[in-house]
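Trainee: next come a sequence and a model predicted from it.
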Amino acid sequence: MSPTLALTRRRFLKFGLTASGALLVGYRCSAAARATVPSELLGDDLVSLTAFVMIERDNRVVIGARGCEIGQGVITSLPMLIAEELDVEWSRVRVIQLPYGYEEVDGKPSNRYGDQFAGGSTSIQTAWKDLREAGALARWLLLQAAANAWSVPVENLRTEAGHVLNVDGRTLSYGALARTAAALPMPANAPAPKDPDSFKLVGKPIRAADGRRIVTGQNRYGIDEYLSGALVAVMLRCPYLDGTLESLDDSEARKVRGVRDVVRIEGPKPGEPFDGPLAAGVAVLADNTWAALQGRNALKPVWKQGPWAEESSAALAARANALLDEDKDGIEVRKDGDLAKSRKRARHSLSARYEVPFLAHATLEPPGALIELRQDGALLIASMQNPSGASRVISELTGLPRDRIEIRLPRSGGGFGRRLENDFVAEAVQIAKLAGKPVKLMWTREDDLAHDFYRPFGVHALSATLDRRNRVEGWTHRCAATSRTYRTARMQDDPAWTGCLEPDDFPAGLVDDLEKTFFPVQSGMPRGWWRAPLHTFHAFAVQSFIDEIAYEVRRDAVELRLEMLGEAREISYRGHGGPVFDTGRMANVLRLCAEKIHWKEKRTDGRGIGIACHFTFGGYTAHAFEVSMDGERLRIHRAICVVDVGRVVNPLGLEAQMMGGTIDGISTALNLAITVRDGQVEQKNFPQYPLLKMADAPKKVEVHIVESTRDPVGGGEMGIASVAPALANAIFATTTVRIRKLPLLPELMRML
Amino acid sequence: MKAGNEAAGAANAAPAKTQPEQLPVRINDKPYYPDGDPQMPLLWYLRDVLRLTGTKFGCGIGACGACTVLIDGKAARACLTPMQAVSGRAITTIEGLEGAQLHPVQQAWLEHDVAQCGYCQAGQIMAAIDLLARKRKPSDDDIGEIANLCRCGTYPRIRSAIQRAAVLMAEGNS
């Protein structure tokens, strides 16, 4: 592809023709790209051509999906944006998954497809800006080619369903125009994307692009990939945080039929960043998974406990509470006004502490990786969220240049933040180096729960002061937690509260006197990002506490929130999802949610309702639940989720994310916690980490999507933070038991 | 990745030659004579030996249901079923459902766009087929008996897809 058009200083649109006469449109990162291979030599494979769009002569359209598909729907929603700009019928579009697009431009790392990272709910926002341009360019070229063919001004033409239509009634298919379109010179400026109000496809419910492959079992996830000559590896990892392998008897393991080798893997050095394997261990390599598992069972290791041998969840909770009691040397997160003053004139003051546990990601497809190392390059196939991180890990461990590392991106059996880390890739590389063979590394569920980057543990101490009219005037949020920044290389310069507290989150900027303070709690547990990380971590405390205040001063919990939000306006929000927080949009979803649950209606049947709202990464969400107790069983009769994420790309996909986020939220809030005892994680498998079953999930989640013409944000993480507090508030309404510790159900059983 | 003398790989996983002393295990209507470890769970035979990877690994202890297959028409956990227990039995995996057209349950799953990550869905579909074979018009509680875990939280759409499949199957029978 030769003609290029500068979008920014380093990103260029390009287009060209394939050997069979198809039009291609894609990106490249430098006008002066490396030695251009004539497209005739590249064949007709979209991937080798590094394009997003291919229009074939028979008018079939192929669109490349660049994102890591982890269940959030980007294999559908991102190609929809291109198809919209292109004006093609979705039913004629074939979507293919693109691989990781690393390339070097002027010696600097770049990506020929743009952003492929799946984290922070950013895919839609980013694609809204850049992928639409690719579709717009393709459409512009086809219009121009038709104008030339008919010798008419382009203003006389329009596009529809894969055709250019002339005002005189003539039509030409895109396919028929592909060859001449590809020969056009590049326009001087990037053709403008459509006015979103004229969208035909974006905003319509579209099913998963690869749905048929899923329901027929044909879709291949990372775990489903095999490679000729590869051995299956299973690891036995040290169960103690930062422990080591003292000695090993592998004689019985080596006798297991099918076992080929046993190798030792070094763990991280205590205190140093986690940039390789998470734990010291032993890998058993075998002909198949069963033999490897049998071999692992036959290993006789002697582990040496590390520096955290005494660590326990009980001690961590005691330490967090002691830090809050002492209230010394806290790190200031935000300080507004004069709290002492508002305390002095307060009519009421309230305090409460809330405890949130470590969480594991428990992706249903456990981590794993298939890797082949050669002298001149490497191939990685794995379910992942962060292919660029994986590329760096492989390069560092092998010395291979990153442009010699091919990474394919199969569909992932869930992500939830687990696959932002690439410890499993590092393990696979080290094992493959030692074995001298390609390796398919398999993790079991036991491996996964015991060796994760957990959502931090912490205790939130909240207090509020109210004036004579029971308005909230002063707010203190002190949090003692295991810092997210622990041994995370790229967060070493971040303050310790990063990932646990957001300075500008509600009610910051809405009350005059406010203090947020952080107290780091030392722990050996690795920490990571867990779906809507800091939001699930603190919204439970904040939104439960608001309800406690309302109850204490006999105010309506919705009215109190609306009063605090005040008039509709944008206030500064420096965290991810900013730069502003719109109080009006938050109030709107809350009001709508209250209306849907019939908030004003008194329940006389023993049922209770609870509500909460939260702002996550640019999205505004409110949840409400109607619950009752049936003996010791909590029944959720209604679950309501209202969301405003701006303009909606795929309502069917957004509804799925909100429904799924709500159920993930319920599952986690009711039952899930990772605990540590004697320096080891206690949960072994699903019986100790009991994901919600269908029978206990609400039969329906009533999702209401606010119509909006604002630029879209994503939806992957917006549906979860307000679930736990809304549930806790509903449980209080029906039982009068206030639960201040997650997970809710064990606590409720203890207190009832 | 061969297990003993078993045929390796999907490409050459042709039905084995007749071995009269052993009853074949029929998998998706083809006979196989596995001669690897008789304790090997069916899950790993399907995946590593036959490369039928639609059946997923999730927990290895029968808790999640990602590996659900049909054994003589009944839902079973492939991760807990040793090969020695399936001799002479007929096994259907997700790959064995599709004939000339999709199975009504697969069709309903597509119509309701059930999958998010999709990893558990083969197991969910097999569990739903088993349920619908027992109960042509399942109640909410009947559906709630399916204990397969979905980490993404697709349960409400699974429920509506099962109800839709019941209708499709009733139409197909009339």
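Mentor: Looks like it arrived, so ask away.
Trainee: now do the nearest residue to residue A:22 once chain neighbours are set aside, the pLDDT please.
Mentor: Nearest non-adjacent residue to residue A:22, counting by CB to CB, 6 or more residues apart in numbering or on different chains: residue A:56, 4.4 Å away. From N, CA and C alone the C-beta is placed, and that goes for glycine too. Note for residue A:56: predicted pLDDT of 85.
Trainee: shouldn't residue A:56 be in contact with residue A:17?
Mentor: No - in this structure residue A:56 lies outside contact range of residue A:17 using CB atoms under 8 Å: 11.2 Å.
Trainee: now do the shared contacts for those two.
Mentor: residue A:178 (CB atoms under 8 Å, 6 or more residues apart in numbering or on different chains).
Trainee: so what's the residue count around residue A:579?
Mentor: 11 (other CB atoms under 10 Å in any protein chain shown).
Trainee: leaving out chain neighbours, which residue sits closest to the residue in chain B that chain A sits nearest to?
Mentor: Closest approach between chain B and chain A, counting by CB to the nearest CB: residue B:54, at 2.1 Å. Counting by CB to CB, 6+ apart, residue B:54 lies nearest to residue A:217, which is 2.1 Å off, once chain neighbours are set aside.
Trainee: go through chain A and flag its longest helix.
Mentor: In chain A, with assignment by DSSP state H, the single longest helix is helix A:123-150.
Trainee: now chain B
Mentor: Chain B, longest helix under DSSP H: helix B:155-173.
Trainee: report whether that helix contacts chain A.
Mentor: Yes - using CB under 8 Å from any CB of the partner chain, we find that helix B:155-173 touches chain A at B:155-159.
Trainee: show me which of those residues are buried.
Mentor: For the residues of helix B:155-173 next to chain A, a burial check counting by 16 or more other CB atoms under 10 Å in any protein chain shown picks out B:155-159.
Trainee: how about JSON lines for these, with pLDDT added?
Mentor: Output for these, formatted as JSON lines (pLDDT from 0 to 100):
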{"residue": "B:155", "pLDDT": "98"}
{"residue": "B:156", "pLDDT": "98"}
{"residue": "B:157", "pLDDT": "98"}
{"residue": "B:158", "pLDDT": "98"}
{"residue": "B:159", "pLDDT": "98"}
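Trainee: who are the contact partners of residue A:383?
Mentor: By CB under 8 Å, 6+ apart, the contact set of residue A:383 is A:70, A:221-223, A:363, A:365, A:367-368, A:410-413, A:415, A:419.
Trainee: again, but for residue B:141
Mentor: Going by CB under 8 Å, 6+ apart, residue B:141 touches residue A:695.
Trainee: and the helix or strand hosting it, how far out from the chain middle?
Mentor: For residue B:141, the element it lies in under DSSP states H and E is helix B:140-144. Averaged C-alpha coordinates place helix B:140-144 at 20 Å from its chain's average position (CA atoms, centre = their mean, to the nearest Å).
Trainee: counting neighbours, what do you get for the residue of the stretch 201-350 of chain A at minimum distance from chain B?
Mentor: Residue nearest to chain B within the stretch 201-350 of chain A (CB to the nearest CB): residue A:217, separated by 2.1 Å. Neighbourhood size, residue A:217 [other CB under 10 Å]: 25.
Trainee: for it, what are its contacts?
Mentor: Shown in contact with residue A:217 (CB under 8 Å, 6+ apart): B:52-55, B:93-95, B:122.
Trainee: how does it look with 7 Å?
Mentor: Residue A:217 makes contact with B:54, B:93-95, B:122, according to CB atoms under 7 Å, 6 or more residues apart in numbering or on different chains.
Trainee: same thing with residue A:740?
Mentor: A:352-355, A:544.
Trainee: which one among those residues gets closest to chain B?
Mentor: Distances from chain B to those, taken by CB to the nearest CB, are shortest for residue A:544, at 22.1 Å.
Trainee: tell me who's in contact with residue A:253.
Mentor: Contacts for residue A:253 were tallied using CB under 7 Å, 6+ apart; they are A:259, A:262, A:284, A:295, A:298-299.
Trainee: what helix or strand is it located in?
Mentor: Residue A:253 belongs to helix A:251-255, assigned by DSSP H and E.
Trainee: from the contact counts, what lies against the helix or strand just after that helix?
Mentor: Sequence order places strand A:259-265 as the next helix or strand after helix A:251-255, per DSSP H and E. In terms of contacts (3 or more CB pairs under 7 Å, 6 or more residues apart in numbering or on different chains; DSSP states H and E), strand A:259-265 is packed against helix A:251-255, strand A:281-286, helix A:423-435.
Trainee: format those as JSON lines; extra columns: mean pLDDT.
Mentor: Listed next are the helices and strands packed on strand A:259-265 as JSON lines, based on pLDDT from 0 to 100:
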{"stretch": "helix A:251-255", "mean pLDDT": "98"}
{"stretch": "strand A:281-286", "mean pLDDT": "98"}
{"stretch": "helix A:423-435", "mean pLDDT": "98"}
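Trainee: dump those into a markdown table; add distance to residue A:336 as well.
Mentor: Below are these laid out as a markdown table (distance: least, CB to CB, whole Å):
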| stretch | distance to residue A:336 |
| --- | --- |
| helix A:251-255 | 61 |
| strand A:281-286 | 49 |
| helix A:423-435 | 40 |
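Trainee: so for the chain, the centremost residue is which one?
Mentor: Answering for chain A, as no chain was given. Here the mean C-alpha position of chain A is nearest to the C-alpha of residue A:119 (CA atoms, centre = their mean), at a distance of 4.1 Å.
Trainee: let's do chain B instead
Mentor: Nearest to the geometric centre of chain B sits residue B:69, at 2.6 Å (CA atoms, centre = their mean).
Trainee: check the closest residue to residue A:632 other than its chain neighbours and give its pLDDT.
Mentor: The spatial neighbour of residue A:632 that comes closest, neighbours along the chain excluded (CB to CB, 6+ apart), is residue A:749 at 6.5 Å. Model confidence at residue A:749, given as pLDDT, is 95.
Trainee: same check, this time on residue A:113
Mentor: 88.
Trainee: just residue B:6 next, same as before
Mentor: For residue B:6, the model assigns a pLDDT of 40.
Trainee: run through the helices of the stretch 501-650 of chain A in chain order.
Mentor: With helices called from DSSP state H, counting those that start in this stretch, the stretch 501-650 of chain A shows them at A:533-552, A:557-565, A:583-596.
Trainee: save those helices as CSV, and put in mean pLDDT, mean neighbour count and distance to residue B:74 too.
Mentor: Converted to CSV, the helices of the stretch 501-650 of chain A look like this (pLDDT from 0 to 100; neighbours: other CB atoms under 10 Å in any protein chain shown; distance: least, CB to CB, whole Å):
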stretch, mean pLDDT, mean neighbour count, distance to residue B:74
helix A:533-552, 97, 24, 39
helix A:557-565, 98, 20, 49
helix A:583-596, 98, 21, 42
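Trainee: between the ones you listed, which gets nearest to chain B?
Mentor: helix A:533-552 (14.2 Å).
Trainee: re the thing from before, can you pull the buried residues of the helix holding residue B:141?
Mentor: Here helix B:140-144 shows B:143-144 as buried, counting by 16+ other CB under 10 Å.
Trainee: what do you get for stretch A:258-268?
Mentor: Quick answer for stretch A:258-268 (16+ other CB under 10 Å): A:258-263, A:265, A:267-268.
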